[in-house]
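S.K.: using only what follows, build the 3D model:
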Amino acid sequence: MMTGPNSEMRGTAVEHVSHDGIQAALAAEVERWQTDVLDLSHAIHADPELGGQEFRAVKRVRRLLRKAGFSFDEVQPGQPTAFSARFGTGDLVVALCVEYDALPAIGHACGHNVNAASAVGAALALAAVAEDVGITVKVLGTPAEETTGGKVDLIEEGFFDDVSLAMMAHAAATDVVGGTSLAMCMWNVLFEGYPSHAAAAPSEGVNALDALVVAQTAIALARQQLPAGSIVSLIVTEGGSAVNVIPDRARATIEMRAPGIASLSRIQDRVRRALEAGAHASGSTLQITPHGNDYAELRQDAFLSEAYHAAMTSRGRSVAFSAEPVASTDMGNVSQTVPSIHPMVGYDVRGSAHHTAEFAAFGASIGADQAVLDASFGLAAAACAAALDREERNRLLRQAHGLACQA
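M.R.: As a prediction, the model looks like this:
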């Protein structure tokens, strides 16, 4: 990515562009693409696919982007349901992250159809003004947010190396911007021992379930000394097959959350030692397999948050600022890499919570549709506000240049 003196000049070259004119153009584009964007939201909602298997959703998104004149990068991500597309040639690269995975059995109970459609809607609106404000619009298909964290893979593959800022909105019951999230990881754990008859020859067995019981006890006792705000959840997924057989295999899944990635590392160390204690005490072997990528805490950019708030206010929405953590997301890793926003866009869900069938039922409602359109405008307007502000534009370009040099 070329930056430097020419970038500074570029920052002044767009100052003649009218902020009000750009906002009007964005609003017109959101209205122009309304049918296509809402059809996309409804189609993804009606046809849920699990993380890493979102082939039909990707096909629908790619089709709409091609219709709008986006080209697809010569080098594509390694994951089959990820993609990279772009429009424009400006030095300020704006990435829109498109999530589209669903949850088992309950479909789009986290509203990712709304997330996907609003990100695509913002990209289509920005494409219309890309030349005027000197940006490149980059759309990244980011699979498996609910499971393995596709955005982390895209970071590691270099697809954020040229990005100046990144954004997406997330479906919710209320409008909130500025919040953070909890760092998170998940491990699959396997203890293996040796089977034996539980009555006739118990001393000849090595009890893998004992290892898991010791580990659970050690984790429970460790909770007092864990960093404030820590959450450790554990379920036993296998613990033996018959009561008269010493269990030779025990499995568990452990999820750890913390206020930040640094404290998450401390929790991981403590939990690992508890698991090792169980293996040592019982004589079992231990295997720990990370389930996907570690998620970092979300860090939302102050300028972009203010700009998004102003844009959504102009649409008649009441958006609260909050620093409270909201669940966990691999957008946190993106926000640790480039300036980002991940606001929550609300609609009436009758009090239902994320990750419930009740929440999923409202994903194609009139309120959800309006949320898609408003968030499309809000995200696009925030990106343009940064592009048209000389100081902010140069800040983002300098940061992007620094990341490119490190890469």
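S.K.: got a list of what the closest residue to Gly351 other than its chain neighbours touches?
M.R.: Once flanking residues are discounted, Gly351 sits nearest to Ala173: 7.6 Å by CB to CB, 6 or more residues apart in numbering. Heads up, the C-betas are built off the backbone N, CA and C, glycines and all. The contact partners of Ala173, taken as CB atoms under 8 Å, 6 or more residues apart in numbering, are Gly346, Tyr347, Asp348, Val349, Gly351, Ser352.
S.K.: burial count for the third one?
M.R.: When you say that, I think you mean Asp348. Other residues near Asp348 come to 13 when the count uses other CB atoms under 10 Å.
S.K.: if we can go back for a sec, now the contacts of Ala173 as a markdown table including distance to Asp301 and secondary structure?
M.R.: A markdown table is the format used below for those (distance: CB to CB, whole Å; DSSP: H, G, I helix; E, B strand; the rest coil):
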| residue | distance to Asp301 | secondary structure |
| --- | --- | --- |
| Gly346 | 21 | strand |
| Tyr347 | 24 | coil |
| Asp348 | 29 | coil |
| Val349 | 27 | coil |
| Gly351 | 31 | coil |
| Ser352 | 30 | coil |
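S.K.: from the residues you listed, list just the buried residues.
M.R.: Gly346, Tyr347, Val349, Ser352 (16 or more other CB atoms under 10 Å).
S.K.: closest one of those to Ser376?
M.R.: Tyr347 (13.9 Å; CB to CB).
S.K.: how about the nearest residue to the closest one, chain neighbours excluded?
M.R.: Nearest to Tyr347 is Gly367, by CB to CB, 6+ apart, at 3.4 Å.
S.K.: what's the answer for Ala381, then?
M.R.: Nearest to Ala381 is Ala311, by CB to CB, 6+ apart, at 3.5 Å.
S.K.: got it, and Gln287?
M.R.: Per CB to CB, 6+ apart, closest to Gln287 is Leu190, 4.3 Å.
S.K.: name the secondary structure element that contains the one you found.
M.R.: strand 183-192 (DSSP states H and E).
S.K.: by contact count, what packs against the helix or strand just after that strand?
M.R.: Stepping forward along the backbone from strand 183-192, the first helix or strand reached (DSSP H and E) is helix 208-222. Applying 3 or more CB pairs under 8 Å, 6 or more residues apart in numbering; DSSP states H and E, we find helix 208-222 packed against strand 183-192, strand 231-238, strand 249-258, helix 261-282.
S.K.: now the last one and helix 208-222, what's the angle there?
M.R.: If I follow you right, that is helix 261-282. Here helix 261-282 points in a direction 140 degrees away from that of helix 208-222 (axes from the mean of the first three to the mean of the last three CA atoms, to 10 degrees).
S.K.: would you list the helices and strands packed on helix 208-222 in CSV and tack on mean neighbour count?
M.R.: Below are the helices and strands packed on helix 208-222 laid out as CSV (neighbours: other CB atoms under 10 Å):
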stretch, mean neighbour count
strand 183-192, 22
strand 231-238, 14
strand 249-258, 20
helix 261-282, 18
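S.K.: CSV for the ones you listed, including distance to Asp301?
M.R.: Formatted as CSV, those follow (distance: least, CB to CB, whole Å):
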stretch, distance to Asp301
strand 183-192, 19
strand 231-238, 26
strand 249-258, 22
helix 261-282, 18
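S.K.: which one of these lies closest to Ala119?
M.R.: strand 183-192 (21.9 Å).
S.K.: how far does that closest one sit from its chain's centre?
M.R.: 20 Å (CA atoms, centre = their mean, to the nearest Å).
S.K.: likewise stretch 289-299?
M.R.: With CA atoms, centre = their mean, you get 10 Å for stretch 289-299.
S.K.: ok, and what's touching that stretch?
M.R.: 144, 147-149, 152-153, 179-190, 253, 259-261, 264, 325-326, 328-333, 335-336, 340, 342.
S.K.: cutoff 6 Å now
M.R.: Residues outside stretch 289-299 that contact it (CB atoms under 6 Å, 6 or more residues apart in numbering): 147-149, 152, 180-181, 183-188, 260-261, 328, 330, 332-333, 335-336, 342.
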